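> Structure, please.
(one chain, ligands or ions: 1)
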Amino acid sequence: MKAIIRTKAGKEFSTMKVQEIEPSFPEKEQVQIKMTSSRINPVDMDLMKGFPTLKYKTPQIGGIDGAGVIIGLGAGVDNYNIGDEVFFYRKFTDIGTWAEKICISVHDIALIPENITVQQAGGIALPLLTAYEGLLSLKPKSGERILIHGAGGGVGFQAVQLADAMGLKVIANASERDIEKLKKVGVAHIINYKKEDFSVVLKDNVPDYIFDIIGKDTLIKSIELSPRKVVSVAFPDTTKMNKTGVQLPWYLKIMMQLMNRKFIKSAKKHQVELIGQVTGANGENLRAAAQLIENKSYFVPKSKTIRVSEIATQGLYKSDIGKVILF
Ligand SMILES: NC(=O)c1ccc[n+]([C@@H]2O[C@H](COP(=O)([O-])OP(=O)(O)OC[C@H]3O[C@@H](n4cnc5c(N)ncnc54)[C@H](OP(=O)(O)O)[C@@H]3O)[C@@H](O)[C@H]2O)c1
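Here you go, the predicted model:
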């Protein structure tokens with residue numbers, strides 16, 4: 001079968017090659033999947049460049065999320081059937097979804113909601129799970145207001161629709177090219193981040209929560225607005241990294257804590273609860289998120305796609321992040 005393999009650590013995706021390898025077969029509590037699609041996420045590039053303490057397999061298949069159809073059941077799997085369409089996100093220690101057939105823990109998968117296709121599901125698995133876990137950590141109540149940065153992007157657009165399904169009033173801070181899409185899903189208040197400064201627009205009408213995916217100045221300004229809570233995917237909470245299966249070495253923990261210091265200091269000063277979102281493989285949360293989007297008004301973002309055969313001839317690049325690989 002064809003698989004997209006990390007041939008050695010590389011800047012960007014330069015060492016990823018399409019190769020023929022033997023498929024594996026499901027072990028206990030695993031299912032075998034015929035892959036349909038997988039998003040090229042920002043984290044894929046970081047992981048393929050090389051992550052300290054992560055032991056790479058030989059051959060090491062790329063990719064960490066995706067969707068497909070179950071074609072094999074390992075021992076102890078009794079809650080799924082051959083032919084079920086599922087989507088999933090894996091741990092860093094378990095990377096590998098960019099192959100025609102993969103085996104994956106049954107605990108990491110969720111059935112695909114009926115209103116989306118299996119191909120579409122492969123384009124939203126990690127963003128949906130991240131958005132769901134981020135929102136969940138805020139413990140929001142229906143009717144409260146939330147500002148979502150990067151609202152038209154992978155994680156942000158899922159957060160917008162999940163927040164709406166949770167009964168929250170959404171303010172979107174987004175790119176001009178995403179405004180129509182956000183209007184389509186009913187967002188009434190959209191801030192064009194290149195033309196307006198959210199911290200000025202909202203200073204007299206501060207939302208209850210902010211969902212940040214940008215970090216840096218955007219995170220600082222978000223804290224300074226003094227909402228009750230800020231959740232950020234760009235604030236790496238070292239105490240949660242075990243969700244990815246990776247144990248951070250001490251020097252990396254210290255580096256990350258130093259990076260986080262100014263955000264923690266500012267949150268303390270402005271009496272804001274600052275939450276770092278780290279997404280780990282979690283089939284249960286993915287199932288809960290899938291149930292929330294299982295409604296007629298859910299809108300699947302259109303993604304650019306790329307076929308494995310195209311990757312074989314032209315290679316994989318940073319500019320491919322955000323595209324969906326079709327198998
Ligand atoms: N911690 C975790 O567990 C976790 C999990 C998943 C993802 N992440 C991280 O989350 C980040 C976003 O991932 P993604 O897949 O959603 O990326 P994405 O699809 O590229 O979305 C980012 C969006 O943010 C917009 N944007 C850029 N600067 C902005 C600003 N200053 N204000 C408002 N919007 C802005 C971009 O618009 P333009 O492109 O037009 O500028 C784009 O629409 C990545 O850094 C990723 O590594 C973390």
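
> ok, the residue of the chain at minimum distance from the ligand to S175 distance?
The ligand sits closest to G153 of the chain, with a gap of 1.9 Å, by CB to the nearest ligand atom. For glycine as for every other residue, the C-beta is placed from the backbone atoms N, C-alpha and C. G153 sits 8 Å away from S175, taking CB to CB, to the nearest Å as the criterion.

> Neighbour count: those two, which is higher?
G153 (20 against 15; other CB atoms under 10 Å).

> Phi, psi for that one please.
phi -90, psi -170 (degrees, to the nearest 10).

> ranges for the strands of the stretch 151-300 of the chain?
According to DSSP state E, counting those that start in this stretch, the stretch 151-300 of the chain carries its strands in the segments 169-174, 189-192, 209-212, 229-232, 273-276.

> strands paired with the second one, and their directions?
So the one you mean is strand 189-192. Sheet pairing here is set by DSSP bridges, and for strand 189-192 it gives strand 169-174 (parallel).

> any idea how far stretch 46-62 is from the chain center?
The gap between where stretch 46-62 is centred and where its chain is centred comes out at 18 Å by CA atoms, centre = their mean, to the nearest Å.

> near the ligand, which residues of this protein show up?
Within reach of the ligand by CB under 6 Å from any ligand atom, the chain has these residues: 41-43, 126-127, 130, 149-150, 152-156, 173-175, 177-178, 193, 213-214, 218, 233, 277-279, 322.

> Helices - which of those land there?
P42, V43, L126, P127, T130, G154, V155, G156, T218 (DSSP state H).

> Just the buried subset of the residues of the chain next to the ligand, please.
Among the residues of the chain next to the ligand, the ones that count as buried by 16 or more other CB atoms under 10 Å are 41-43, 126-127, 130, 149-150, 152-156, 173-174, 178, 193, 213-214, 218, 233, 277-279.

> Excluding covalently adjacent residues, which one is nearest to I220?
Once flanking residues are discounted, I220 sits nearest to S266: 6.0 Å by CB to CB, 6 or more residues apart in numbering.

> let me fix that: K55
K55's closest residue in space is T93 (CB to CB, 6+ apart), at 7.7 Å.

> Against F25, how distant is the closest residue in space to F327 that isn't next to it in sequence?
Leaving aside its chain neighbours, F327 sits nearest to M35 (4.4 Å; criterion: CB to CB, 6+ apart). M35 sits 15 Å away from F25, going by CB to CB.

> Give me the more crowded residue out of those two.
Neighbours were counted for M35 and for F25 using other CB under 10 Å; M35 has more, 24 against 11.

> so the more buried one touches G68, yeah?
Yes. Taking contacts as CB atoms under 8 Å, M35 lies within contact range of G68: 4.3 Å.

> what is in contact with those two at once?
Counting by CB atoms under 8 Å, 6 or more residues apart in numbering, the shared contacts of M35 and G68 are I102, G122, F327.

> how about those residues in CSV, adding secondary structure?
As requested, the shared contacts of M35 and G68 are exported to CSV (DSSP: H, G, I helix; E, B strand; the rest coil):
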residue, secondary structure
I102, strand
G122, coil
F327, coil
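
> By neighbour count, which of those residues wins?
Tallying neighbours with other CB under 10 Å puts G122 at the head of the shared contacts of M35 and G68, with 29 neighbours.

> List the contacts of it.
With the criterion set at CB under 8 Å, 6+ apart, G122 makes contact with M35, T36, S37, S38, R39, D65, G66, A67, G68, F87, V324, I325.

> Report the buried residues of the helix-or-strand element of the chain with minimal mean pLDDT.
When each helix and strand of the chain is scored by mean pLDDT, DSSP states H and E, helix 250-269 comes last, with a mean of 93. Buried residues in helix 250-269, counted by 16+ other CB under 10 Å: L252, M256, N260, F263, S266, A267.

> Check which residues of stretch 219-233 are buried.
Result for stretch 219-233 [16+ other CB under 10 Å]: buried residues L219, K221, S222, I223, L225, P227, K229, V230, V231, S232, V233.
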